[in-house]
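Enquirer: let's see this in three dimensions:
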Amino acid sequence: MPLSRLSWLLFRILLVPAFIGTAYLYYFPLVQDCHFPQPIGDTCHTRPGYRDDDVGRTAPFRLLAIGDPQLEGDTSLPDLDAPTFPSIKRVWDNVQESGLGTLSTELIPAGSALLLSDIPTNLQAYRKRLDLWGNDHYLAHVYARVKAHTHPSHIVVLGDLLGSQWIQDDEFERRSSRFWNRVFSDGEKLPEEIMAKDSGHREILGSDQSWKNRIIAVAGNHDIGYAGDVNQDRMRRFEDAFGNVNWAMTFSHNESDASSLPLSESEVFPELRLVILNSMNLDGPAQDMDLQQQSHDFLEQEFLEQQKLSSQTATVLLTHIPLYKPEGVCVDGPFFTYWPPENGGGLKEQNHLDQDVSRYMLNGFAGQDGKRQTIILNGHDHEGCQTWHQMTELISEDNTTESIWVVHNDTDRSISKTIDDTAGVREITVRSIMGEFGGNVGFLSAWWDCEKQRWQIEYASCMFGVQHIWWAIYVVDMIVSALGVLTIVLSTLESEPNRKKYKTA
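Expert: Numbering: from 1, shown residues only. Presented below is the predicted three-dimensional model:
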């Protein structure tokens, strides 16, 4: 069989799976039904400029939630200053020092080291560099396709933007550059005036289209560290690259909807309170007490603001570390470790916030009765989890009543059930976008329900699939393209003798 026919056969065999794979690569949000939950009920979208078939179709607040991308870098690669082939360098150094006579005893050991150590090490290094490059483009692809398909109004990355808090400043800058220029290439850092302390920034929801490209960045442990290793330098470089770690603002529902409100409430518009919280140093012991105090001061000030909110306001809290949960509720159970005394004795690692801190936050945001509308989005637990915190009254033996927060897994609740159905707080730990966890993204929708006179908030998610799918599709596409070119070249070469024979005849 001529080689051209063999390559043509292979080309035809692989063309269909290549086409199907490429179609999935670019249209997976459609295949996986990635979408923001759509409003139901009376959404108040009966203002001028809306067609009847547009009413209630799109929520005004659509938050694309991304968890823990964890961009790695040179800490996972061999030392760039080390020689590429150490065995050859050792031989050369010995020759320069002792002369050519050393070659008789050095060549065989050096050759063995070259084949068994140097070359495998270099191949592993190149593989790792390729893996880092591919991981960046995998994350960028998932983000870009989901964003193009779903049209979010706002975007948040829920901490662990980078892969290590221990990296030097130059490596931090390189990874930050990859974050902004490769993975989130259309993303923009938020303006300082929005995140400024005590700015009290307010705007009408949907009035500023710049939000569709702004990236709300939450600080995670791999960005600034846990309480026992957070310091001023790590905090400074994170805020310089990604924005403030503690800030809040308010979105007001469109003023033109005021006519649909009861007359007594026509001057109080529905509002969404957006709170970004650095939860990395709420627990302790902390290395830097001043930074820890800043986070607690921010919470205290925010709780005062929460007490002023009307019944028409809901709060969306974005942070990194999940609230406390008993073992078995989520994949990650309670876990705390501490540095030894000679290293400061501070908090080294944690899965959840402390139980007391968690209760403090629930009381502060939802109120003692748990009826202030609040939903919490966080990351950290890469597997993801949905839970429901509810205020429950316990009666003791002496007939006194005590109110406590209880939490249970929320997977039994319908995905369309909102946080407004009962008093309590819904907490969503967004599954990681990393390839190992399927390239997951979350979709949070919020809209004002005129009939219930409350915000309705719903969450959904979808996944692309593990990173090996992304790699396989591109490799198959490259093979098919190469086979196509090879078939043309071989056909041309094989037809050349026939042409000469025809001319001779």
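Enquirer: outside of stretch 475-495, which residues touch it?
Expert: Residues outside stretch 475-495 that contact it (CB atoms under 8 Å, 6 or more residues apart in numbering) are 2-4, 7-8, 10-11, 14-15, 17-18, 21-22. C-beta here means a position set from N, CA and C on the backbone, and glycine is covered the same way.
Enquirer: okay, buried residues for it please.
Expert: By neighbour count on 16 or more other CB atoms under 10 Å, the buried set for stretch 475-495 is 476, 477, 480, 483, 486, 487, 490, 491.
Enquirer: re the thing from before, out of the contacts of stretch 475-495, flag the one nearest to residue 335.
Expert: Minimum distance to residue 335 across the contacts of stretch 475-495 is 39.9 Å, recorded for residue 21 (CB to CB).
Enquirer: quick one: that closest one is in a helix?
Expert: Yes: looking at residue 21 with DSSP: H, G, I helix; E, B strand; the rest coil, it is inside a helix.
Enquirer: average pLDDT for stretch 86-95, rounded please.
Expert: The average pLDDT for stretch 86-95 rounds to 66.
Enquirer: are any of the contacts of stretch 475-495 buried, and if so which?
Expert: Using 16+ other CB under 10 Å, the buried members of the contacts of stretch 475-495 are 4, 7, 8, 11, 14, 18, 21.
Enquirer: can you list the weak-confidence ranges in the stretch 101-250 of the chain?
Expert: Within the stretch 101-250 of the chain, the ranges that satisfy pLDDT under 70 run 101-108, 110-111, 113-114, 118, 199.
Enquirer: show residues contacting stretch 346-357.
Expert: Residues from elsewhere that reach stretch 346-357 (CB under 8 Å, 6+ apart): 221, 226-229, 279, 282-287, 321-325, 332-339, 358, 361, 380-381.
Enquirer: quick one on the thing from earlier: got the contacts of stretch 475-495 as CSV, with distance to residue 38 columns?
Expert: As requested, the contacts of stretch 475-495 are exported to CSV (distance: CB to CB, whole Å):
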residue, distance to residue 38
2, 57
3, 55
4, 53
7, 49
8, 48
10, 46
11, 43
14, 39
15, 38
17, 34
18, 35
21, 30
22, 29
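Enquirer: would you format those as JSON lines with pLDDT, secondary structure and distance to residue 397 included?
Expert: Output for the contacts of stretch 475-495, formatted as JSON lines (pLDDT from 0 to 100; DSSP: H, G, I helix; E, B strand; the rest coil; distance: CB to CB, whole Å):
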{"residue": "2", "pLDDT": "80", "secondary structure": "coil", "distance to residue 397": "92"}
{"residue": "3", "pLDDT": "88", "secondary structure": "helix", "distance to residue 397": "89"}
{"residue": "4", "pLDDT": "86", "secondary structure": "helix", "distance to residue 397": "90"}
{"residue": "7", "pLDDT": "92", "secondary structure": "helix", "distance to residue 397": "84"}
{"residue": "8", "pLDDT": "93", "secondary structure": "helix", "distance to residue 397": "85"}
{"residue": "10", "pLDDT": "95", "secondary structure": "helix", "distance to residue 397": "79"}
{"residue": "11", "pLDDT": "94", "secondary structure": "helix", "distance to residue 397": "80"}
{"residue": "14", "pLDDT": "97", "secondary structure": "helix", "distance to residue 397": "74"}
{"residue": "15", "pLDDT": "97", "secondary structure": "helix", "distance to residue 397": "76"}
{"residue": "17", "pLDDT": "96", "secondary structure": "helix", "distance to residue 397": "69"}
{"residue": "18", "pLDDT": "97", "secondary structure": "helix", "distance to residue 397": "71"}
{"residue": "21", "pLDDT": "98", "secondary structure": "helix", "distance to residue 397": "65"}
{"residue": "22", "pLDDT": "98", "secondary structure": "helix", "distance to residue 397": "68"}
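Enquirer: out of these, the closest to residue 209 would be?
Expert: Nearest member of these to residue 209, counting by CB to CB, is residue 22, at 31.5 Å.
Enquirer: can you map out the strands along the stretch 401-505 of the chain?
Expert: Remark: strands assigned in the stretch 401-505 of the chain by DSSP state E, counting those that start in this stretch are 401-409, 425-429, 440-449, 454-463.
Enquirer: could you dump those into CSV with mean neighbour count added?
Expert: CSV is the format used below for those (neighbours: other CB atoms under 10 Å):
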stretch, mean neighbour count
strand 401-409, 13
strand 425-429, 25
strand 440-449, 24
strand 454-463, 21
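Enquirer: a markdown table for the ones you listed, including distance to residue 27 and mean pLDDT?
Expert: Shown next, in a markdown table, are the strands of the stretch 401-505 of the chain (distance: least, CB to CB, whole Å; pLDDT from 0 to 100):
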| stretch | distance to residue 27 | mean pLDDT |
| --- | --- | --- |
| strand 401-409 | 33 | 86 |
| strand 425-429 | 26 | 97 |
| strand 440-449 | 15 | 97 |
| strand 454-463 | 13 | 96 |
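Enquirer: with distance to residue 119 added, can I get those in CSV?
Expert: Formatted as CSV, the strands of the stretch 401-505 of the chain follow (distance: least, CB to CB, whole Å):
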stretch, distance to residue 119
strand 401-409, 50
strand 425-429, 44
strand 440-449, 38
strand 454-463, 38
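Enquirer: figure out which of these is closest to residue 157.
Expert: strand 440-449 (10.7 Å).
Enquirer: picking that back up, nearest to residue 400 among the buried ones among the contacts of stretch 475-495?
Expert: Proximity of the buried ones among the contacts of stretch 475-495 to residue 400 (CB to CB) peaks at residue 21, which lies at 64.6 Å.
Enquirer: buried sites along the helix or strand in which residue 144 is found?
Expert: Using DSSP states H and E, the element containing residue 144 is helix 119-150. Using 16+ other CB under 10 Å as the test for burial, helix 119-150 gives 125, 131-132, 135-147, 149-150.
Enquirer: and if you look at stretch 316-334?
Expert: By neighbour count on 16+ other CB under 10 Å, the buried set for stretch 316-334 is 316-325, 329-330, 332.
Enquirer: so how far is the longest helix seen in the chain from its chain's centroid?
Expert: Longest helix in the chain, counting residues (DSSP state H): helix 467-504. A distance of 41 Å separates the centroid of the chain from that of helix 467-504, by CA atoms, centre = their mean, to the nearest Å.
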